[in-house]
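K.L.:
Here's a sequence, model it:
(one chain, ligands or ions: 3)
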Amino acid sequence: MREVEQDKFRRKALPVAEAQAKIMPYAKATDTEMVSLPEAHGRILAKPIDAPHPYPHFRRSGMDGFAIFSSDTTSCHAGQPVHLEVVDEIPAGSVPQVKLKPGQAARIMTGAKVPDEADAVVMFEMTESVLQEGHLHIRLIREIEPGKNITPIGLELSQGDVILEAGRKLTAGEISVLATFGIHRVPVMKRPRIAVFSTGSELLRIDEPLQDGRIRNSNTYLLYSQITEAGGEPFLFEAIEDDLAKAKAQVEAAFENYDVVVTTGGVSVGDYDIMADLVSGDSVDMLFNKVTMRPGSVTTAAVKDGKLLFALSGNPGACFVGFELFVRPAIGRMMGIAQPFLPELTAELARSYRKINNFTRFVRGRLEFREGKLYAIPAELDESGVMITIKDSDALIVIPPSNTGVEAGERVTVLKLPGGFHSF
Ligand SMILES: Nc1nc2c(c(=O)[nH]1)N[C@H]1C(S)=C(S)[C@@H](COP(=O)(O)OP(=O)(O)OC[C@H]3O[C@@H](n4cnc5c(N)ncnc54)[C@H](O)[C@@H]3O)O[C@H]1N2
Ligand code: MOO
Ligand SMILES: [Mg+2]
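P.N.:
Ligands and ions are numbered 1, 2, ... in the order given. Purely as a prediction, here's the structure:
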């Protein structure tokens, strides 16, 4: 126990990027599975998909009107109208029945196949119907240019074009492309199965009444949302009290059935900080137990039989940031996302941030566009133990180590959190 305790205090702090690099080799690709197209929403494509045919695959009318020869309208104007005989009618879904000749037109609807001979469609509003010798004609008073209102074959994609690359998240645009090409069963990456439990004798279930000195377990649910958002499949376990043997048994059982284990709490130097003891023992191989960041300096990661254990800090702010910087990229990498880290933007700091620190701070805050310029506004309350401002945050504002802080107006890097901007 004494030795373990010593280890708990003596920790080598790694920069965030180094800690991330230690994790990534263990973020091994999950298997793939086939799902129906609606089920593919939000999933990650496992294989590239090529266009099995051009799109559109026939010359398509973009308007309700008449398919014509544009050459019939040369020099046509109000004083010199052109009359064309209507010889066919083509609703969407049908194909032309008559081979058009110059001087003729086919009534055609939006989305219908344009006769091969025609090279333009003139919309109804630009024509007048006239009966001439018992035959229906249209009267045109304007020149129509070749190609007008015809969508050519392959305008959007040619056969064999890569439609979607592997590693791409499937949302509305991707789903509609897949539907267009008849890809009704989609190869996607399996969602990593992630066991979650909190540690702490102070934790109440969320359906329990308050007790003095105890709090409800919010981190388990915070993580449930973060894991789901990141594409993983969370499995929630009851919180366990600060008991090393219980934690060990729980971690081992979780590794049997799940791809990743995420815990919160008990990673600092306190007497009951059991996760710190667990990773210092020989049941797992520790990757790191300190990172030069705040919040979450005691964020810990370990490996057991090639599977990742993330022991995040119990402080809600540190748990949140620890997840975003370490667990999210691991989940993303397991699913083959090329860039699984939070996207980096540059913004102007809207308010001075003067906390002094020798570690990099990841300060939660809002982003706002003002007159086309992006501003980052640090949360008023950003302590590690504060939960309430997580809900209003659009980004983590990166404040480098400094003994003066950063002044309003300076440029800062911000890591965009998923979702929209709270100010919109
Ligand atoms: N002597 C030192 N004390 C502390 C240090 C330090 O360097 N030296 N670091 C502080 C910092 S910074 C952090 S962060 C915390 C890390 O604490 P642990 O990861 O060990 O977490 P706990 O001690 O279990 O809990 C901390 C805090 O969070 C609350 N908590 C825990 N689990 C949950 C949960 N599931 N839902 C909601 N809230 C939770 C817990 O009640 C505590 O208030 O250590 C500092 N101390
Ligand atoms: O680990 Mo604490 O969250 O460093 O701030
Ligand atoms: Mg603690």
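K.L.:
can you pull out the strands in the stretch 151-300 of the chain?
P.N.:
162-164, 185-189, 193-198, 203-204, 215-216, 233-236, 260-264, 285-288, 293-294, 300-304 (DSSP state E, counting those that start in this stretch).
K.L.:
Contacts for the first one, please.
P.N.:
Contact with strand 162-164 is made by 45, 48-51, 157, 170, 174, 177-178, 181, as judged by Cβ atoms under 8 Å, 6 or more residues apart in numbering. Every C-beta, even on glycine, is put in place using the N, C-alpha and C of the backbone.
K.L.:
Go through the strands of the stretch 151-300 of the chain and pick out the most buried.
P.N.:
Greatest average neighbour count among the strands of the stretch 151-300 of the chain goes to strand 260-264 (a mean of 29), per mean count of other Cβ atoms under 10 Å.
K.L.:
How far does that strand sit from its chain's centre?
P.N.:
Relative to the mean C-alpha coordinate of its chain, strand 260-264 is positioned 22 Å out (Cα atoms, centre = their mean, to the nearest Å).
K.L.:
could you say what helices and strands it packs with?
P.N.:
If contacts are counted by 3 or more Cβ pairs under 8 Å, 6 or more residues apart in numbering; DSSP states H and E, strand 260-264 sits against strand 193-198, helix 219-230, helix 244-257, strand 307-312, helix 328-334.
K.L.:
Surely Thr199 touches Thr264?
P.N.:
Yes: shown here, Thr199 and Thr264 form a contact pair, counting by Cβ atoms under 8 Å, at 7.1 Å.
K.L.:
For the residue of the stretch 251-400 of the chain at minimum distance from ligand 1, which non-adjacent residue is closest in space?
P.N.:
Nearest residue of the stretch 251-400 of the chain to ligand 1 (Cβ to the nearest ligand atom) works out as Gly314 at 2.6 Å. Nearest residue to Gly314, sequence neighbours excluded (Cβ to Cβ, 6 or more residues apart in numbering): Gly265, at 3.1 Å.
K.L.:
ok, the one you found to Glu89 distance?
P.N.:
Using Cβ to Cβ, to the nearest Å, Gly265 is found at 73 Å from Glu89.
K.L.:
which one of those two has more residues nearby?
P.N.:
Per other Cβ atoms under 10 Å, whichever of Gly265 and Glu89 has more neighbours is Gly265, with 29 against 14.
K.L.:
Is it correct that the more buried one is in contact with Val196?
P.N.:
No: using Cβ under 8 Å as the test, Gly265 is too far from Val196 to be in contact (11.8 Å).
K.L.:
Any chance of a markdown table for the strands of the stretch 151-300 of the chain, columns distance to ligand 3 and mean pLDDT?
P.N.:
What follows is the strands of the stretch 151-300 of the chain, written out as a markdown table (distance: least, Cβ to the ion, whole Å; pLDDT from 0 to 100):
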| stretch | distance to ligand 3 | mean pLDDT |
| --- | --- | --- |
| strand 162-164 | 45 | 96 |
| strand 185-189 | 35 | 98 |
| strand 193-198 | 12 | 98 |
| strand 203-204 | 12 | 98 |
| strand 215-216 | 13 | 98 |
| strand 233-236 | 21 | 98 |
| strand 260-264 | 10 | 98 |
| strand 285-288 | 17 | 97 |
| strand 293-294 | 15 | 98 |
| strand 300-304 | 12 | 98 |
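K.L.:
Would you format these as TSV with distance to Asn358 included?
P.N.:
Formatted as TSV, these follow (distance: least, Cβ to Cβ, whole Å):
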stretch	distance to Asn358
strand 162-164	45
strand 185-189	39
strand 193-198	29
strand 203-204	32
strand 215-216	30
strand 233-236	34
strand 260-264	25
strand 285-288	18
strand 293-294	9
strand 300-304	20
